[in-house]
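In: Here is my input, please return the structure:
(4 chains)
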Number of protein chains: 2
Amino acid sequence: MLSKKSQYAFKALTYLTEKYEQGPVLISDIAKKKKIPLKFLENILLELKKADILDSKKGKGGGYFLKKSPDKVKVATVIRLINGPIAMLPCVSLYFYERCKNCNEKHCGLHDMMIEVRDATLNIVENRTLRDLAV
Amino acid sequence: MLSKKSQYAFKALTYLTEKYEQGPVLISDIAKKKKIPLKFLENILLELKKADILDSKKGKGGGYFLKKSPDKVKVATVIRLINGPIAMLPCVSLYFYERCKNCNEKHCGLHDMMIEVRDATLNIVENRTLRDLAV
DNA sequence: TAAAAGTCCACCAACTTGGTGGGGTAGAAT
DNA sequence: ATTCTACCCCACCAAGTTGGTGGACTTTTA
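Out: A predicted model of the protein is given here:
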């Protein structure tokens, strides 16, 4: 399951997608419209900024905004950043791989199956962007 | 990600699948062969028994064994039991559904996408059984 | 320089995860 | 009937994660 943090992140990003190229948006505006705890949202936006997805402007007239076009930001990227691995097992994860002890990856039924699950999921989330989320 | 508990559960079940219809298997045997902490395994097996997947026999010559044929036990069932929801959001979960507040399910891009992910995953885990895991 | 608005750091409660310890109880063998 | 075996059950624990808050500081603009 996605954490609440991830769900908040997607809500905020969807909102910022709607406001794309309309100048900076206040954290407090996002928090209010999307009903996200303000201080918690602050952390999330900062994290998205450090990952180069958002940018911000300080001072009066400041706020947050998308750094790149919404169709350049993949859903998979956001999930990995805020939520962590997409795969169900460390030994089948592409970005968070860890070797599986006591389980020979060469012939492990669970392993093979989880690769299939991973690929089926990636096939969707790697090919959708923020633009697709904002219906 | 699946919890370690879930991974232990699958290892134990795979082992019991190999020993299917060969009489009860000691917890200590499973623990040793699959390198699972004994007391922790105890809890897991008990849970699987309560869910009618395993059965047990007490006293000398006792132990755990599969209650049903390995090809009658779906992977999805085990995941839901030990790990919880398979879907990425409560509002798209079939067995753990919760209404999504502040998000109209009728037009929510994230919602729609997560239904696709759920179905892609279910398509795999609902159609595999313990028999498929034991290569 | 005052106000606006993001940045940063530290802290917190509650919950989950992964695991342990110990006694209780049913069943089988003798 | 006793004793041994092996599952049953309860309580507890440390560490980590999740979701969230408080307050001080810096940058920018008017």
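
In: give me the beta-bridge partners of A:Val25?
Out: With DSSP bridges applied, A:Val25 shows beta-bridge pairing to A:Tyr64.

In: What residue in chain A comes nearest to DNA strand D?
Out: Minimum separation of chain A from DNA strand D (Cβ to the nearest atom of the strand) falls at A:Gly59, amounting to 2.8 Å. The way it works is simple: take the backbone N, C-alpha and C, and place the C-beta from them, glycine included.

In: Please, where are all the helices along chain A?
Out: All helices of chain A, identified by DSSP state H, fall at A:4-18, A:27-34, A:38-50, A:75-78, A:109-125, A:130-133.

In: Quick one: these as TSV, columns for mean neighbour count, distance to B:Ser6 and mean pLDDT too.
Out: Putting these into TSV (neighbours: other Cβ atoms under 10 Å in any protein chain shown; distance: least, Cβ to Cβ, whole Å; pLDDT from 0 to 100) gives the following:
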stretch	mean neighbour count	distance to B:Ser6	mean pLDDT
helix A:4-18	20	21	97
helix A:27-34	16	33	96
helix A:38-50	16	28	97
helix A:75-78	21	23	98
helix A:109-125	18	10	97
helix A:130-133	20	29	96
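
In: Can I get the ones you listed in CSV including distance to A:Gly84?
Out: Conversion of the helices of chain A to CSV gives the following (distance: least, Cβ to Cβ, whole Å):
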stretch, distance to A:Gly84
helix A:4-18, 9
helix A:27-34, 22
helix A:38-50, 13
helix A:75-78, 11
helix A:109-125, 13
helix A:130-133, 19
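
In: how close does the nearest residue to A:Gly62 once chain neighbours are set aside get to chain B?
Out: Of all residues not flanking A:Gly62 in the chain, A:Pro24 sits nearest, at 5.3 Å (Cβ to Cβ, 6 or more residues apart in numbering or on different chains). Going from A:Pro24 to chain B by Cβ to the nearest Cβ, to the nearest Å gives 23 Å.

In: Hmm, A:Pro24 is touching A:Tyr64, no?
Out: Yes: between A:Pro24 and A:Tyr64 there is a contact at 6.3 Å, judged by Cβ atoms under 8 Å.

In: quick one: which of the two has more around it?
Out: Legend: neighbour count by other Cβ atoms under 10 Å in any protein chain shown for A:Pro24 and A:Tyr64, higher for A:Tyr64 (25 against 18).

In: Report the separation between the more buried one and DNA strand C.
Out: Separation of A:Tyr64 from DNA strand C (Cβ to the nearest atom of the strand, to the nearest Å) stands at 6 Å.

In: Spell out which parts of chain A neighbour DNA strand C.
Out: A:24-28, A:39, A:42-43, A:45-46, A:49, A:56-64 (Cβ under 7 Å from any atom of the strand).

In: Let me see the contact set for A:Cys91.
Out: Going by Cβ atoms under 8 Å, 6 or more residues apart in numbering or on different chains, A:Cys91 touches A:Tyr97, A:Glu98, A:Arg99, A:Cys100, A:Cys103, A:Glu105, A:His111, A:Met114.
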